[in-house]
Structures are given as structure tokens and as C-alpha cells.
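S.K.: below are the sequence and a predicted model; questions follow.
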Amino acid sequence: MLGKLPTVFIALLLSAPWAIGQSTFGDILGVVKDPSQGIVLAAQVVLTRVEDKSEHSATTDADGAFHFVNLRPGHYDLLISAPGFAEFKISSAQLDARQTIRFDVALKLASAAQTIEVGGESGPVINTENATIGDSKSFQQITSLPVNYRGTTTSPLAMLATVPGAQQDANGNVSVGGGLPSQVQYSVDGSSTVNIRQNGALGNMNPSSELIGEFKVTQFNNNAEFAQLGDVTISTKSGTEQFHGSLFEYTQNSALDAAVWGSNINGTTLKPHKVFHTFGGSLGGPLQIPKLTHGKPKTFFFADYEGNRKRFSTPLFLFVPIAAMRTGDFSALLPTQILDPFKLDPITHQPTPYPLNRIPSGNQCTISQDCINPVAANLLNNYLPAPNIQNGAANFGVTANYLQLPAIPMATTFASTVPSLPSKPSSCAGAGSASIRSRSPTAFLTR
């Protein structure tokens, strides 16, 4: 009995796309009519996905309608033919994730061998099937729009700043369509990436930008399967009939950065150290194995790698005892008084202040308990650093007199592989992704 478990598991895995509650699939439907607006029965409708040449075919029903479901996002060619009519073709119609497109077609009588072709990319397709408002960004838009999300993080969720109706507060909480942060659903290829503890997206669950095929935000009147007012979904790329690849490198450093305000140390201003490298590449195409695959490719792959190496420092302004304080002279703190716990007022029985805020030290000590403890003096003189910037209003109006630059090295690696088969009833698709993030122990850079 136990020997059959792997087979059952594989069967469940292959049937998973039909069992999940959410998906990134879309629909294409329409009605075929003749020039007099009468319905055309049994018209042949062939739908071809441009990226991998997978085909779907159907015939119009008694109402002249056709409907293709569970279609992967991409570009599609639609060819409609019927006896006595000219062929009608729509080329490269773009289907976004979770989108329904309607094409109502009026065929013309065929005077000769004739095909009427309409470019699917000539203009945006108006959604007439539901009241959902959506905004979709392609890979080219994600990498070209001046969002500069690579300047701070590597999360593509920075694209939310370009979406009408999406807002983000100072704490990073995202509102879509005027809803609460807890009313936004996040997913990658239909798998939820919601951080259920903090009402947001999981930070390390977003793929590398080179793997993203589409970034879509929908709001208002979402389908019941989403269960939220807003939905943010990421669809990954897949392989095509031709090999495609990319290489990239983004570099940042502190050469053009401004100096830290108030960091004048011995006449020299200080810049925080920063070196940030984001690099990687991608490759996709048909999966061809000698002696195992023959004819037209049916299996495709897409793989990418992204590495992030970030070494930077953050200015930290502190207050350390000045030279006079290390000898017991705290007069700079007046009118705040330093109290002697061993000398009590005879009337109030409360500690009395040291004269002029000066604690006796050296030869001035008459009673050891009234003087600076030798252990404390050793700590002040040998372990606490001396001030390195001037104390004054130039340092943001506070009493900081010491500037420290803690070094924070960080590394993040994304590695993803997406094999897939054409979208047919017997097909399956799988994906694997890994994100490795490491952070070295904090060191300190001081001057």
C-alpha cells in the first residue's frame, strides 16, 4: 500500500492547476455573426498562443458563441472561418492575467480567397464583461518606469506607486481602492504571498524582476475567488519557441552622494560608505533533449538568476562625555544638577547637588565615596571614544558630539526555474524559486 503513495502524490500534483482556488488564467469569448447580424452556426474558431504556438479550437454553438477558458496570459491569434464567408483573423491580441476579453465578429461574404485581419495591438481592449477596474504593467514597463526600486530594495511591489487608486503610508501599509491594508490580496502565479501577521506582502516571496511577465492590480468588484477588495498579482514568464536571454548589472556607490550633514571632522566632511551591486541574467526557450524530443517543441523552460551585494553604512549621531566630564566637571550640563547621594539635606533629607556640578577627583577627594570611582574613570578614559564632531545646532539641533558609521553588509540571491507545457487539457506547469538572504555581523566604521 505504501508503494502506491508516490504515484498518488504525482497524480495530485499534475491535477493541481484545476484544484486551486486562485489562478492567473484568463478567458476569450465572443459571438460570430453574418453581415445582416444573424448568428453563424458551426463556425470554426482557432486560437493560437503566439509565444509557444499552442492551439485551441472550437465551433460556435446554437447562439453563434464561442468561449475559451483557462488561458495563460500572453498574445493570441484568433482565426474564424465559415463556409461562404471570408476568414477573419485577429493578430496578437494581448490577454492579461485574470482578464476576460470579448471579440464579437461580423463576417463578410467571400468574393474570392480573402482574409480580413485586424491587429490586436492597435488599441486597448475594453473590458465589457465585468465592472472590475485593473491596471497592468508589462516587463518592459516594470524595468523602464522611473520608480528606482532597485535603489533601495529589489521588491517589484514598488510599482504600486504608479497604480491609480493605490496609496502607501509612512509605515509601508498599502491601500488599494480606498480599502484597508488587510483588504489587499497578494499572489505570485496564483499562490498567495500574504503576510497574515502584518497585513501586507511577504518580503522575500517576490521573484526577480527578470522573471516577471506581468504585474497587475485589480480593485472593486473582484471575483469571489479573490475574497478581497484589492488584488496584486505577479505572473512569471515562460519559455517560447525561440531562445531569449538577458544580462544585467546595476551599480551604485557613494561617489555622487551628499556628505552627512554636520559631519565636519577636522575640516573634512564624511560620506557614508555604499556599494550596491545587482546583477544576473535569464534564459528561456524550448526544451530539446536529443533522442527524446522530436518535431515541434512542446516543452519550454525559463530560468533566471539575480544576486544582490549591498555594503553600506548608516550615520549614527551619539553623545559621549567630553574631556572635562571625564575628570568630574559636569558644569556643561547646567542647569541640570548632579546630586551627591551621600550628602543629604538635614531638613529635607534629600541628596544635595555637587557645587558647580563638579565631582571631586584626584587630590580634591577627601571622602572616597564622594569621588569618581576608579573603575568608572577607567571606563570613561579607555573604552568610550572621544567626541569627533562639534557640539551645536549644526548637528540637527541636538547635543550629539560623536558620529558613528555602522557597516551593514547584506546579500540576497534569487534563483528561479519555470518549466512549462502548452496550455491544453492534458498539460501541466511547474515552477521553483529560491531566495537566500544573508547579513554579516555589524561592524563599526569610525573616524
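M.R.: Yep, it's here. Numbers count the residues shown, from 1 in each chain.
S.K.: residue 341 belongs to a strand?
M.R.: Yes: counting by DSSP: H, G, I helix; E, B strand; the rest coil, residue 341 falls inside a strand.
S.K.: and the gap between it and residue 351?
M.R.: Distance, residue 341 to residue 351, by Cβ to Cβ, to the nearest Å: 5 Å. For the C-beta atoms, the positions are set from N, CA and C on the backbone; glycine is no exception.
S.K.: which residues do the two both contact?
M.R.: Both residue 341 and residue 351 lack any common contact, where contact means Cβ atoms under 8 Å, 6 or more residues apart in numbering.
S.K.: so between these two, which is more surrounded?
M.R.: Set residue 341 next to residue 351 and count neighbours by other Cβ atoms under 10 Å: residue 351 wins out with 15 against 10.
S.K.: tell me where the model's unsure across the chain.
M.R.: Flagging of the chain using pLDDT under 70 yields the residue ranges 1-22, 111-117, 119-126, 151-153, 262-268, 362-364, 368, 391-399, 411-447.
S.K.: how's it carved up into domains?
M.R.: Domain assignment for the chain by automatic domain parsing gives 18-119, 133-236, 244-316+405-446, 323-384.
S.K.: mind putting these into JSON lines with distance to residue 127?
M.R.: Listed next are the domains of the chain as JSON lines, based on distance: least, Cβ to Cβ, whole Å:
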{"stretch": "domain 18-119", "distance to residue 127": "7"}
{"stretch": "domain 133-236", "distance to residue 127": "7"}
{"stretch": "domain 244-316+405-446", "distance to residue 127": "21"}
{"stretch": "domain 323-384", "distance to residue 127": "66"}
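S.K.: list phi and psi for residue 377.
M.R.: Dihedral pair for residue 377: phi -60, psi -40, per degrees, to the nearest 10.
S.K.: packing partners of the helix or strand where residue 91 lies?
M.R.: If you go by DSSP states H and E, residue 91 is part of strand 87-95. Packing partners of strand 87-95 (3 or more Cβ pairs under 8 Å, 6 or more residues apart in numbering; DSSP states H and E): strand 26-33, strand 74-81, strand 115-119.
S.K.: among the ones you listed, which is nearest residue 134?
M.R.: Across the helices and strands packed on strand 87-95, residue 134 has its closest neighbour in strand 26-33 (11.3 Å, Cβ to Cβ).
S.K.: which one, of the domains of the chain, ends up nearest to residue 390?
M.R.: domain 244-316+405-446 (7.0 Å).
S.K.: buried sites along stretch 300-308?
M.R.: 300, 302-306, 308 (16 or more other Cβ atoms under 10 Å).
S.K.: what about residue 292, how many neighbours?
M.R.: 8.
S.K.: that one belongs to a strand, doesn't it?
M.R.: No: Residue 292 is assigned coil when assessed by three-state DSSP, not a strand.
S.K.: quick one, strands of the stretch 301-447 of the chain?
M.R.: 316-318, 339-344, 351-353, 402-420, 432-439, 443-446 (DSSP state E, counting those that start in this stretch).
S.K.: gap between the nearest residue to residue 78 once chain neighbours are set aside and residue 36?
M.R.: Excluding the flanking residues, the one nearest residue 78 by Cβ to Cβ, 6 or more residues apart in numbering is residue 90, at 4.2 Å. With distances taken as Cβ to Cβ, residue 90 is found 22 Å from residue 36.
S.K.: with neighbour numbers in mind, choose between those two.
M.R.: Higher neighbour count among residue 90 and residue 36: residue 90, with 22 against 6, using other Cβ under 10 Å.
S.K.: for burial, what's the neighbour tally of residue 42?
M.R.: Neighbours around residue 42, by other Cβ under 10 Å: 12.
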